[in-house]
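>>> Return a 3D structure for these sequence lines:
(one chain, ligands or ions: 2)
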Amino acid sequence: MSSAGPPRLSNLALSRKEDFKTFVDAPRRTQPERLNQKMLRALNERARAAYDRARREWHANLGPIRTPQLAALHGDLWDILDSNLQDGDKAKGAVAVDAFPGLGKTTAVLAFAREFHRREIAEYGAFTAQGHERWPVCRVGLTGNTGMKDLNRAMLEFFGHPGRRTSTAAQFGLQALDCVLSCEVRLLILDDLHFLKWRKTSGIEVSNHLKWIANEFPVTLLKVGVGLADKGLFSEGESAGETVLAQTGRRTTRLGMPPFTIDTEQGRRHWRQLILALEQRIVLAGTYPGMLADDLSDYLFARSTGHIGSLMTLINRGCQRAQRTGTERLTRGLLDQVKNDEAAEQARRELEYALHARWATSRPRSGRAAG
Ligand SMILES: Nc1ncnc2c1ncn2[C@@H]1O[C@H](COP(=O)(O)OP(=O)(O)OP(=O)(O)O)[C@@H](O)[C@H]1O
Ligand SMILES: [Mg+2]
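Ligands and ions are numbered 1, 2, ... in the order given. You can find the predicted model right below:
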């Protein structure tokens, strides 16, 4: 159990290269040992406090779990990046990860960025031939109503570029390009791209800017966001002769991040694997095999409607409560007291009804016990 030592990951913003590096280099958390009730009672006050702190932090950071969605996304991203090794004069294919909130886009993309960064550094070294630090990934998270200039500045901020205070949007853009070139960035991630200020003129300006980046920057552009398709980002431009948009559309590969579903046997199997994986990671004294996978499968599906974000919130909060109150296990009664996000709560009611009436089940045939 560490107290001082490594930097605290909870304080990172990941919008600066140093933070990003800390994230990349952080060792995987080690799961606290699972003690039974008797061992738990035997701990003295200090040891108990330390153990509980370690568990709180552990439960708040369960993941990332290698879900089928995450594995598929990573597979696609490797394909695209590895095939984007053309020389600098050819525009590279861009990627858009477009899915509803809370389905794990950011988590999956960051996990990929981490692996990619490590692979590049291992293969090419920490410094470029010119002696600059190598930064294979530049990641920018957008916030409410970011304009072009802010976007360019955010890229500079990532590199901690000194010239970032007084410039025009175009100058910022050029400086950012400079950083990208000298640090040999290969993957540029723009997260929450839907926050980019979208003009009434169906985003031609935005699209042009992204196209400029895609053309001039020798990187694979990875756009992440909600409803990017609706913003016309990669439409074929049926309306108003938007050939510019069509051009972006042709070069962008769209990847999704679907929720879990229970209407096919395969979907139910994936769901079961997810909650089995979660069960392994829960460190409560009163857990037993099947606590989630057998006894709470339907319940957890109803409360999360297959959205991993809602599921993880529920499990995290449930574990904190079980630990704090001494229940030391997850039950329906306990989870009923735990609040979840509003979207999940709304969708829950209908689904619970269907599950209760046995019109639906979340459990695959193979894993279903009688009763
Ligand atoms: N593979 C995973 N394993 C464990 N937890 C995950 C996984 N994917 C997502 N989560 C959890 O779900 C929550 C939501 O995930 P994330 O922020 O990645 O979603 P998002 O699609 O980027 O959402 P938004 O559109 O709101 O940015 C996070 O708290 C994260 O911890
Ligand atoms: Mg996100």
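>>> nearest spatial neighbour of the residue of the stretch 151-300 of the chain found nearest ligand 1, skipping sequence neighbours?
Using C-beta to the nearest ligand atom, residue 226 is the residue of the stretch 151-300 of the chain that sits closest to ligand 1, at 5.1 Å. Where you see a C-beta, it was placed from the backbone N, CA and C, and this is true even at glycine. Residue nearest to residue 226 in three dimensions, not counting chain neighbours: residue 194, with 5.0 Å by C-beta to C-beta, 6 or more residues apart in numbering.
>>> pretty sure that neighbour is touching residue 230, no?
No - using C-beta atoms under 8 Å, residue 194 is not in contact with residue 230; the gap is 9.0 Å.
>>> higher neighbour count, the two?
When residue 194 is set against residue 230 and neighbours are counted by other C-beta atoms under 10 Å, the residue ahead is residue 194, at 17 against 10.
>>> list the contacts for the more buried one?
By C-beta atoms under 8 Å, 6 or more residues apart in numbering, residue 194 lies in contact with 225, 226, 227, 228, 231.
>>> same question, residue 114
23, 24.
>>> which bits of the chain sit near ligand 1?
Neighbours of ligand 1 within the chain, by C-beta under 6 Å from any ligand atom: 62-65, 67, 70, 101-107, 192, 226, 308-309, 312.
>>> Whichever residue of the stretch 101-250 of the chain sits closest to ligand 1 and residue 74, how far apart?
Here the stretch 101-250 of the chain gets closest to ligand 1 at one residue, residue 104, 2.8 Å apart by C-beta to the nearest ligand atom. Noted for residue 104: a distance of 12 Å to residue 74, by C-beta to C-beta, to the nearest Å.
>>> Could you pull out the helices in this protein for me?
With DSSP state H as the criterion, the chain has helices at 17-25, 37-42, 45-60, 68-82, 105-124, 148-159, 169-182, 204-216, 243-251, 265-281, 297-304, 308-325, 332-336, 342-356.
>>> Buried residues, the second one. List them.
Applying a neighbour-count criterion of 16 or more other C-beta atoms under 10 Å, one finds residue 40 buried in helix 37-42.
>>> average model confidence for it?
For helix 37-42, the mean per-residue pLDDT is 95.
>>> All further residue positions should be reported with the first residue as 41.
Right, with 41 as the first residue, what we last looked at is helix 77-82.
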